[in-house]
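# Fold the stuff below for me.
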Amino acid sequence: MSTVVLLGLGAVLPSPATSAATANAAADTTPPTAPADPRTSNLTCTSVVLSWSASSDDVGVAFYDLYHDGQLMRSVPGTALSAELTVVPGATWGLYVNARDAAGNVSQASPTVTIAVPQCQADTEPPTVPTRVTATASGTTVTVRWAPATDNVGVTGYEVLRDGTQAGSTSGAATTSFTDSGLAANTRYRYQVRARDARANRSAPSTPVVVTTGSSCATALCSVTRVTTETDLPWGLTTLPDGQVLYSRRDTFEIVRLDPATGTKTVVGKMPNVTGTDGEGGVLGIAVAADFAADPWLYVMHTSSTDNRVVRVRYTGGVLTGTPQVLLTGIPRNKYHNGGRLRFGPDGKLYASTGDGQNSAWAQDLTSLAGKVLRINRDGTIPADNPFGTPVWSYGHRNPQGLAFDSQGRLWEQEFGNNVMDETNLIVRGGNYGWPACEGTTGSCGDPGFIAPKHTYPVAEGSCSGIAVVRTGLYVACERGTRLYRAEISGDSLTDVQQYLNGTYGRLRTVEPSADGGLWLTTSNYGDKDSIPNNSNESILKVELGR
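Below is the predicted model:
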């Protein structure tokens, strides 16, 4: 039986050896070069032509995969150097191309070309003013409701004003309520609502309504405090035994210590051998083990020039010291779909989430580390009870960026869908979660070998990254959805799903438990689709929980 060696691991396992693709892969492991010179033409409100210069390959390019912002739009034969794409009126997208050969090797991405899609008709008319606005307080949370507005083209959402300043927003004409959480107790607030359309025409604010909060928090989320701001993207975050916080700055490759009491930030070191991907690569997840005080290693997942990898580095005297030890290499990298979350389990093992590297076939390939949840010992060796004799713990994942353990020691995972559904999964040893045949509950999800998600979110209301468990609550931080979900863990189900901070702070990426039983929350509003240092304007938020 033929064997395949996992790059950087030395681990050997049987090849599937049942398909021609596997045979081809054994003979061809060289990916094509990245497509060059992407350019657009014939942009309308519904379509655009994307063209590019050919890639080269030692055998031959079989396909080009066309993406916008990490979402696959279509694939075309390797003989094509242009394609017409369907676009959404009013959208701003970053388009790029990957080349793929017959063996399934995928190139790195082309440069990105940005398009601003026009609307299909001129529209200068604002929506009507929302009516029948009400505001009801429950403790320190206020729920605002209103009747739908109308528009000559269509209402696309609403903005809620608190004391004249926007407190949050909703998406879609059908959403006519908003929950404003974390307010001051015994305080009078004035709310108004205005409607907006796809051309950003806004109605006048509605007639104000006044409400006074109660004396104490009566809901899950009690208060939100902006502890500090960031000019780079805060990606991974962990709390040390002394209560200090460490977080990673994705595009500057630095690790920063944050004093929660004062908001003081100190750069404790810069990770070596890191490269960006002109997308979502860089310094990603970080974690520390339970015995960090006695054995102070900081574990880091980052992108290198050749792969994604997991390393550890000493943190002593308040700084990173020594040369990082490389624990795991050979995780495929690309512009997007790098995964990146690290989490120690109650078993003392280190778990890592990996994206499919923009090659969906890798998610089902047990010889690849892409599209997986991985499990390793703290020194990088493979635990004896791993299901496949490799770092692979579960597979069939697209781009998971959330890992969290509950009080029963079970692992929950959050995963980006392509353009239909995000999913929250309960991970089991050796489980297959279906990508690319199954996205959420769509596709070939009836396959008895696939494990169904415990909850799904429409991508437009999700694109969720980090998750955290505090007591019986599972918290999910969402980017495109610009909100924080809370679900109650009930047995092996998720119930009573509520949403908070909808549009209040923009795109939310990382959520982590704090030392005092609350949450840390980071934003990802600017510069998260490139690798340019310090072109962001982000917040690190402290959330007080009520239950």
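
# drop to CA atoms for contacts and neighbour counts, all remaining ones
Will do.

# Check the secondary structure at the residue most central in space within the chain for me.
Geometric centre of the chain, nearest residue: Ser465, 2.9 Å, by Cα atoms, centre = their mean. Per DSSP: H, G, I helix; E, B strand; the rest coil, the local secondary structure of Ser465 is strand.

# can I see the domain layout of the protein?
Following automatic domain parsing, the chain resolves into domains at 31-116, 131-217, 222-545.

# Turn these into TSV, including mean pLDDT and distance to Ala122.
Below are the domains of the chain laid out as TSV (pLDDT from 0 to 100; distance: least, Cα to Cα, whole Å):
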stretch	mean pLDDT	distance to Ala122
domain 31-116	96	11
domain 131-217	94	9
domain 222-545	97	25
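
# And the residue nearest to the centre of the chain, how close does it get to Thr46?
29 Å (Cα to Cα, to the nearest Å).

# If we ignore the residues flanking it in sequence, what's nearest Pro31?
Asn105 (4.6 Å; Cα to Cα, 6 or more residues apart in numbering).

# Now for the one you found: which residues touch it?
Listed by Cα atoms under 8 Å, 6 or more residues apart in numbering, the contact partners of Asn105 are Ala25, Thr29, Thr30, Pro31, Pro32, Asn359.

# What's the local residue count around the closest residue to Gly431 other than its chain neighbours?
Spatial nearest neighbour of Gly431, excluding adjacent residues (Cα to Cα, 6+ apart): Ser394 at 4.9 Å. Neighbour count for Ser394, taken as other Cα atoms under 10 Å: 25.

# For Ser394, list each beta-bridge partner.
Going by DSSP bridges, Ser394 is paired in beta bridges with Val373.

# surely Asp422 meets Ser465?
No. With contact defined as Cα atoms under 8 Å, Asp422 does not count as touching Ser465 (9.7 Å).

# which residues do the two both contact?
Gln414, Glu415, Phe416.

# what's the burial count for the last one?
Put plainly, it is Phe416. Counted with other Cα under 10 Å, residues neighbouring Phe416 total 30.

# how much space between it and Ala477?
For Phe416 relative to Ala477 (Cα to Cα), the value is 12 Å.

# Report the buried residues of the biggest strand by length in the chain.
Counting residues, the longest strand found in the chain (DSSP state E) is strand 319-331. Across strand 319-331, burial judged by 16 or more other Cα atoms under 10 Å covers Val319, Leu320, Pro324, Val326, Leu327, Leu328, Thr329, Gly330, Ile331.

# need the contact list for the fifth one.
Going back to what we said before, that points to Leu327. Arg309, Val310, Val311, Arg312, Asp379, Gly380, Thr381.

# make it 6 Å
Leu327 sits next to Val310, Val311, Gly380 when contact means Cα atoms under 6 Å, 6 or more residues apart in numbering.

# For those residues, pick the one with the most neighbours.
Val310 (25 neighbours).

# quick one on the thing from earlier: would you list the shared contacts of Asp422 and Ser465 in CSV and tack on distance to Ala173 and secondary structure?
Rendered in CSV, the data for these read as follows (distance: Cα to Cα, whole Å; DSSP: H, G, I helix; E, B strand; the rest coil):
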residue, distance to Ala173, secondary structure
Gln414, 27, strand
Glu415, 27, strand
Phe416, 24, coil
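
# on that earlier part again, what's the distance between the residue nearest to Pro31 and Ser360?
Distance from Asn105 to Ser360, counting by Cα to Cα: 11 Å.

# With Ser444 instead?
Relative to Ser360, Ser444 is positioned 15 Å away (Cα to Cα).

# of these two, who's got more company?
For Ser444 and Ser360, the more surrounded residue by other Cα under 10 Å is Ser360, and the numbers stand at 21 against 14.

# helix or strand for the closest residue to the more buried one other than its chain neighbours, which one?
Leaving aside its chain neighbours, Ser360 sits nearest to Pro436 (5.8 Å; criterion: Cα to Cα, 6+ apart). In this structure, Pro436 sits in neither a helix nor a strand according to DSSP states H and E.

# can you count the residues close to Pro436?
21.

# ok, now Gly70?
With other Cα under 10 Å as criterion, Gly70 counts 21.

# which residues sit in contact with it?
Tyr336.

# Arg196 reaches Arg202, doesn't it?
Yes. Because the distance of 4.3 Å satisfies Cα atoms under 6 Å, Arg196 is recorded as touching Arg202.

# Could you say which helix or strand holds Phe450?
Phe450 belongs to no helix or strand, assigned by DSSP H and E.

# I'd like to know how far it sits from Gly396.
From Phe450 across to Gly396, the span is 8 Å (Cα to Cα).

# Which of those two has more residues huddled nearby?
Applying other Cα under 10 Å to Phe450 and Gly396 shows that Gly396 carries more neighbours, namely 29 against 18.

# distance of the more buried one from Asn186?
Applying Cα to Cα to Gly396 and Asn186 gives a distance of 50 Å.

# where do the strands sit along the stretch 51-200 of the chain?
Here the stretch 51-200 of the chain has its strands, by DSSP state E, counting those that start in this stretch, at 61-68, 71-77, 82-86, 92-101, 113-116, 131-138, 141-147, 155-162, 165-171, 177-180, 188-197.

# now those as a markdown table including mean neighbour count?
As requested, the strands of the stretch 51-200 of the chain are arranged in a markdown table below (neighbours: other Cα atoms under 10 Å):
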| stretch | mean neighbour count |
| --- | --- |
| strand 61-68 | 22 |
| strand 71-77 | 15 |
| strand 82-86 | 16 |
| strand 92-101 | 23 |
| strand 113-116 | 16 |
| strand 131-138 | 17 |
| strand 141-147 | 20 |
| strand 155-162 | 23 |
| strand 165-171 | 19 |
| strand 177-180 | 22 |
| strand 188-197 | 23 |
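
# For Gly276, find the nearest of those strands.
strand 92-101 (16.2 Å; Cα to Cα).

# ok, and what's touching the closest one?
With Cα under 6 Å, 6+ apart, strand 92-101 has contacts from 61-69, 106-107, 109-110, 112-116.

# try 7 Å this time
31-32, 34-35, 38, 55, 60-69, 106-117 (Cα atoms under 7 Å, 6 or more residues apart in numbering).

# returning to that earlier point: now for Arg196 and Arg202: what residues contact both?
Pro126, Pro127.

# show me what contacts Leu416?
Actually, residue 416 is Phe. It isn't Leu. Taking Cα under 7 Å, 6+ apart, we find Phe416 in contact with Arg398, Asn399, Pro400, Asp422, Glu423, Ser463, Cys464.

# Out of these, which sit inside strands?
Pro400, Asp422, Glu423, Cys464.

# Restrict those residues to the buried ones and give me that as a PyMOL selection.
To isolate the buried subset of the ones in strands among the contacts of Phe416 in PyMOL, counting by 16+ other Cα under 10 Å, use the following:
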select buried, resi 400+422+423+464
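
# Roughly how far does the nearest residue to Phe178 once chain neighbours are set aside sit from Leu484?
If the residues on either side of it in the chain are set aside, Phe178 comes closest to Val144, at 5.2 Å by Cα to Cα, 6+ apart. Val144 is 17 Å from Leu484, where distance means Cα to Cα.

# Would you map the helices across the stretch 251-400 of the chain?
Assigned by DSSP state H, counting those that start in this stretch, the stretch 251-400 of the chain shows no helices.

# quick one: the strands in it?
Under the criterion DSSP E, counting those that start in this stretch, the stretch 251-400 of the chain contains strands at 254-258, 265-270, 283-287, 297-303, 308-316, 319-331, 342-344, 350-354, 372-376, 392-395, 400-405.

# nearest to Pro77, of those?
Proximity to Pro77 (Cα to Cα) singles out strand 319-331 among the strands of the stretch 251-400 of the chain, at 26.8 Å.

# May I have the beta-bridge partners of Leu411?
On the basis of DSSP bridges, Leu411 is bridged to Phe405, Ile427.

# Near it, how many other residues are there?
By the measure other Cα under 10 Å, the count of residues near Leu411 is 19.

# does Val117 really touch Val48, like I thought?
No. Between Val117 and Val48 there is no contact under Cα atoms under 7 Å: 8.8 Å.
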